[in-house]
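1. my questions concern the predicted model and sequence given below.
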Amino acid sequence: MKDQTDEQEKEAKFKEFFEKARKGVLKYLDENGGSLPMDKLHDYSLKTYLIQHQRFSQMMESFVNEKLITYNASTQVSTITEEGKEFIK
């Protein structure tokens, strides 16, 4: 039972941290003109929040799914939306 509680606490802490990272990455995007190439966001995410590869992909997919950014696959540029700007307020 204790292991299950520990695991639930770890999961809750990660979700809290991940949400903080999501807001931080969106704020970084907004503060840097609102549009950035994917590699710049990835580097920032890695250096600031230690979020890389699979988790970064999950983060970006969540942004697109929630319409917080638009993503141009041909240029690999992410642009914050009005919804994204509201999310970080």
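-> On my side now, so go ahead.
2. now the helices for this structure?
-> For the chain, applying DSSP state H gives helices covering 2-31, 38-49, 53-65, 82-87.
3. TSV for the ones you listed, including distance to residue 74?
-> Where C-beta positions appear, they are placed from N, C-alpha and C, glycine not excepted. Conversion of the helices of the chain to TSV gives the following (distance: least, CB to CB, whole Å):
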stretch	distance to residue 74
helix 2-31	19
helix 38-49	12
helix 53-65	15
helix 82-87	21
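4. export those helices to TSV and tack on mean pLDDT and mean neighbour count?
-> Output for the helices of the chain, formatted as TSV (pLDDT from 0 to 100; neighbours: other CB atoms under 10 Å):
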stretch	mean pLDDT	mean neighbour count
helix 2-31	92	13
helix 38-49	96	16
helix 53-65	95	14
helix 82-87	98	14
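5. ok, which of the ones you listed comes nearest residue 73?
-> Closest approach to residue 73 among the helices of the chain is made by helix 38-49 (9.5 Å; CB to CB).
6. how far off centre is the closest one?
-> A distance of 9 Å separates the centroid of the chain from that of helix 38-49, by CA atoms, centre = their mean, to the nearest Å.
7. most centrally placed residue in the chain?
-> What sits nearest the mean C-alpha location of the chain, by CA atoms, centre = their mean, is residue 22, with 3.3 Å.
8. my read: it touches residue 59, true?
-> Yes: counting by CB atoms under 8 Å, residue 59 is a contact partner of residue 22 at 5.9 Å.
9. residue contacts, residue 52?
-> Residue 52 sits next to 42, 45-46 when contact means CB atoms under 8 Å, 6 or more residues apart in numbering.
10. ok, now how distant is it from residue 5?
-> Plainly put, residue 52 is 29 Å away from residue 5 if you go by CB to CB, to the nearest Å.
11. of all the helices of the chain, which lies closest to residue 75?
-> Of the helices of the chain, nearest to residue 75 by CB to CB is helix 38-49, at 9.3 Å.
12. picking up where we left off before, let me see the contact set for the residue nearest to the centre of the chain.
-> Contacts of residue 22 by CB under 8 Å, 6+ apart are 59, 62-63.
13. please consider this matter closed, and thank you.
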